[in-house]
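J.: pasted the sequence and its predicted model underneath.
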Amino acid sequence: MTLTPVAPAARDASRARRVSGPALTLAGLGAATLALALRDPHEQGSWGLCPSRALGFDCPGCGGLRAVNDLTQGRLLDAASSNLYLVLAIPVVALLLGRWALDAWRGTERASSALTTPLLVVAGVALVAFTLLRNVPAFGWLAS
């Protein structure tokens, strides 16, 4: 994968404008993480009612709030017990956000990769499989 310079018109945009998207995204994620660290989602109803849980099944996000809270407390195994998919996805998302922020800071754009579509398909299939398996009694250890 090669980095290419941004077109001259885009290069003239200020760095502050270029990094505003990544900065706002990271600030929002940081604020949400801080809120989850301060208000424990392990307490019943502390963050409201989960609609899918009320219907009797776990969606792919079920346990995600508890997993993030556990991660802020340094409890990796507890977080994985709440939502394994989220715990495995966080490093990938962090890498992608970091690359986006660095590219915006430098004023570069990445060329499309031939791996992008297959990776998205694999992630989507894994998400569907995780959702289905966590609702099957034999895979109860995946449930939130």
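T.: Yep, it's here.
J.: confirm that Val114 sits in a strand.
T.: Not Val; residue 114 is Ala. No: counting by DSSP: H, G, I helix; E, B strand; the rest coil, Ala114 is located in no strand; its state is coil.
J.: could you report the neighbour count for it?
T.: For Ala114, the number of neighbouring residues by other C-beta atoms under 10 Å comes to 7. In short, each C-beta sits where N, CA and C put it, glycine included.
J.: how about stretch 43-51: buried residues?
T.: By 16 or more other C-beta atoms under 10 Å, the buried positions in stretch 43-51 come out as 47, 50.
J.: mean confidence for that stretch?
T.: When pLDDT is averaged along stretch 43-51, the result is 86.
J.: got a list of contacts for the helix or strand where Gly124 lies?
T.: Following DSSP states H and E, one finds Gly124 within helix 116-133. With C-beta atoms under 8 Å, 6 or more residues apart in numbering as the contact definition, helix 116-133 has outside contacts at 58-60, 84-85, 89, 139, 142.
J.: and that helix, which residues are buried?
T.: Buried residues in helix 116-133 (16+ other C-beta under 10 Å): 130-131.
J.: please, which helix or strand holds Gly30?
T.: Per DSSP H and E: Gly30 is located in helix 15-38.
J.: right, and the helix or strand after that helix?
T.: Next element after helix 15-38 (DSSP H and E): helix 51-55.
J.: next, Ala94: secondary structure please.
T.: Assigned with three-state DSSP, Ala94 falls in the helix class.
J.: just confirm Arg99 contacts Glu109, I think it does.
T.: No: taking C-beta atoms under 8 Å as the definition, Arg99 is not a contact partner of Glu109, at 11.3 Å.
J.: which of the contacts of helix 116-133 sit farthest apart?
T.: Using C-beta to C-beta, the two most remote members of these are Ala89 and Phe139, lying 18.4 Å apart.
J.: these two: which has the busier surroundings?
T.: Ala89 (16 against 12).
J.: contacts only, for the more buried one.
T.: Taking C-beta under 8 Å, 6+ apart, we find Ala89 in contact with Ala123.
J.: what about Leu97, neighbour count?
T.: 14.
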